[in-house]
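S.K.: build me a structure from this.
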Amino acid sequence: MNRRLFLRSVAAISALGAAEFAPWQAMSAFAEEISDFVRGPAIKDYPLRQISKHVWIIFTPDAFPTPENQGMMSNVTFVNTSQGIVVVDTGASVQIGEMSIRQLERSLKKPVIAIINTHYHGDHWLGNHAYVDRYGNSLPIYAHPGTIQAIKGIQGSLWLTLIEKATNQASLGTRIVPPNTPLEHGAVLKFGDVTLRIHHYGTVHTPFDLCVEVVQDGVTLVGDIAMDRRIANMDDGSYLGTFKAYDTLVKKTGTRIWLPAHGEPGEHVLKWNRELFEGIYRPCEQAVKNGLPLEEAKALVLKDPRVASRAKETRGFEANIGKYVSIAYLEAEAAGF
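M.R.: Have a look, this model is predicted:
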């Protein structure tokens, strides 16, 4: 770094410390100031895959961010309408956003006209940066009002830092670009020949998860409320809320393909997740009723055939099962009062 750039970075850091901004504004101002000379490498191209008549994805085989995958661990989904492309979840960095734009412009050759962020975890919205750079700050970026506030608050800067750390700074240069348009349950968005219906059923993976039903295709984009052979992060979620949401989605939509942000789409995604989660939650529920401690609840969970049959094929199982049993046990305790 030359002296001029060093002085600019020092000035930017000083401004960050002095700014009386909301956290996302301060972090965004700082990131924008330095991103022209401190930026992680471009990410390799991942191919587009067609799922249905209007739905395409850039699929990622990886479940968690690493320096090797540069944070590419969440599917990026595109709805191809007669008016243009609607992007659902933009990935974990500006580099991933730029890669997905390259693929869109090569293959579908249509502009992006809107973005939907399903929730506030950073692998679903940090790529927004690339899209506003390419298509302008007036690009509508939809999310639940709670998600918008979370990203403008602590979740924005938290996730920016988490992804940078997990990728060994390969995502450097990414700045926080929060959603700008609130979207709630029951909303219907029409883009030419495609209708998107929005579903929100309380706390599932987070308190503010949106699912996007592509009505004409019988496809529902479920974000992180269900995953394919990956144990979902339940730190901000609810097992009981998840069961309720699954029941309601099956009842209220004509879905034949459930498209998760992590893993392969298919007709059995909700079923696979529900059985795993039932195998975690129900033994904890029974342990609480029987006055058994957490350690015994965990042993019951590991013996449950719904869990035991999935353990080997579930990415992140060994590292996370203890925490998610604890979460289930605490939720069962709270539900018992």
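
S.K.: and the strands in this protein, which stretches?
M.R.: For the chain, applying DSSP state E gives strands covering 48-50, 55-58, 76-80, 85-88, 112-116, 141-143, 181-182, 188-191, 194-199, 211-214, 219-223, 257-260.

S.K.: could you give the angle of the longest one to strand 112-116?
M.R.: What it means is strand 194-199. 10 degrees (axes from the mean of the first three to the mean of the last three Cα atoms, to 10 degrees).

S.K.: strand 194-199: partners in the sheet, and parallel or antiparallel?
M.R.: Strand 194-199 has its sheet partners listed here by DSSP bridges as strand 188-191 (antiparallel), strand 211-214 (antiparallel).

S.K.: please work out which of the strands of the chain is packed deepest.
M.R.: Most buried of the strands of the chain, by mean neighbour count (mean count of other Cβ atoms under 10 Å): strand 219-223, with a mean of 28. The way it works is simple: take the backbone N, C-alpha and C, and place the C-beta from them, glycine included.

S.K.: what's next to that strand, contact-wise?
M.R.: For strand 219-223, the surrounding residues in contact (Cβ atoms under 8 Å, 6 or more residues apart in numbering) are 51-52, 55, 77, 88-89, 118-119, 124, 199, 205, 209-214, 249, 253, 255-261, 265, 269-270.

S.K.: how far is it from where the chain is centred?
M.R.: Averaging C-alpha positions (Cα atoms, centre = their mean, to the nearest Å) puts strand 219-223 12 Å from its chain's average.

S.K.: relative to Glu333, which of the strands of the chain is closest?
M.R.: strand 219-223 (27.6 Å; Cβ to Cβ).

S.K.: list the neighbouring strands of that closest one plus their orientation.
M.R.: In the sheet, strand 219-223 lines up with strand 211-214 (antiparallel), strand 257-260 (parallel) (DSSP bridges).

S.K.: nearest to Asp193, out of these?
M.R.: So among the strands paired with strand 219-223, strand 211-214 is nearest, using Cβ to Cβ, at 11.1 Å.

S.K.: contact partners of the closest one?
M.R.: So strand 211-214 is contacted by 52, 54-55, 79, 88, 116, 118, 194-200, 219-223, 225, 245, 249, 253, 255 (Cβ under 8 Å, 6+ apart).

S.K.: contacting residues around the residue nearest in space to the middle of the chain?
M.R.: Geometric centre of the chain, nearest residue: His124, 3.7 Å, by Cα atoms, centre = their mean. The neighbours of His124, taking Cβ under 8 Å, 6+ apart as the test, are 74, 89-91, 117-118, 223-224, 261.

S.K.: how is this structure divided into domains?
M.R.: Here the domain assignment for the chain is 3-34, 48-267, 274-336, based on automatic domain parsing.

S.K.: which one of those domains is the most hemmed in?
M.R.: domain 48-267 (a mean of 21).

S.K.: for that one, measure first residue to last.
M.R.: 20 Å (Cα to Cα, to the nearest Å).

S.K.: pLDDT of it, averaged?
M.R.: Mean per-residue pLDDT for domain 48-267: 97.

S.K.: distance of Ile57 relative to Pro47?
M.R.: Per Cβ to Cβ, to the nearest Å, Ile57 is found 10 Å from Pro47.

S.K.: actually Gly279, not the one I typed
M.R.: Taken as Cβ to Cβ, the span from Gly279 to Pro47 is 35 Å.

S.K.: with Thr181 instead?
M.R.: Distance from Thr181 to Pro47, by Cβ to Cβ: 30 Å.

S.K.: Leu240 now?
M.R.: For Leu240, the distance to Pro47 - Cβ to Cβ - is 39 Å.

S.K.: what of Phe59?
M.R.: 8 Å.

S.K.: then Ala143?
M.R.: 27 Å.

S.K.: figure out how far stretch 229-249 is from the centre of its chain.
M.R.: 14 Å.

S.K.: make 809 the first number, not 1, from now on.
M.R.: Done: numbering now begins at 809, and the last item shifts to stretch 1037-1057.

S.K.: and the end-to-end length of that stretch?
M.R.: Terminal-residue distance, stretch 1037-1057 (Cα to Cα): 20 Å.

S.K.: stretch 1099-1118 now?
M.R.: First residue to last in stretch 1099-1118 (Cα to Cα) measures 27 Å.

S.K.: what average pLDDT does it get?
M.R.: Here stretch 1099-1118 scores 97 as its mean pLDDT.

S.K.: which residues touch that stretch?
M.R.: 1037, 1080, 1083-1084, 1086-1088, 1090-1092, 1094-1096, 1119, 1125, 1129-1130, 1133-1134, 1136-1137.

S.K.: ok, 10 Å please
M.R.: For stretch 1099-1118, the external contacting residues (Cβ atoms under 10 Å, 6 or more residues apart in numbering) are 1037, 1039, 1080-1096, 1098, 1119, 1122, 1125, 1129-1130, 1132-1134, 1136-1138, 1140-1141.
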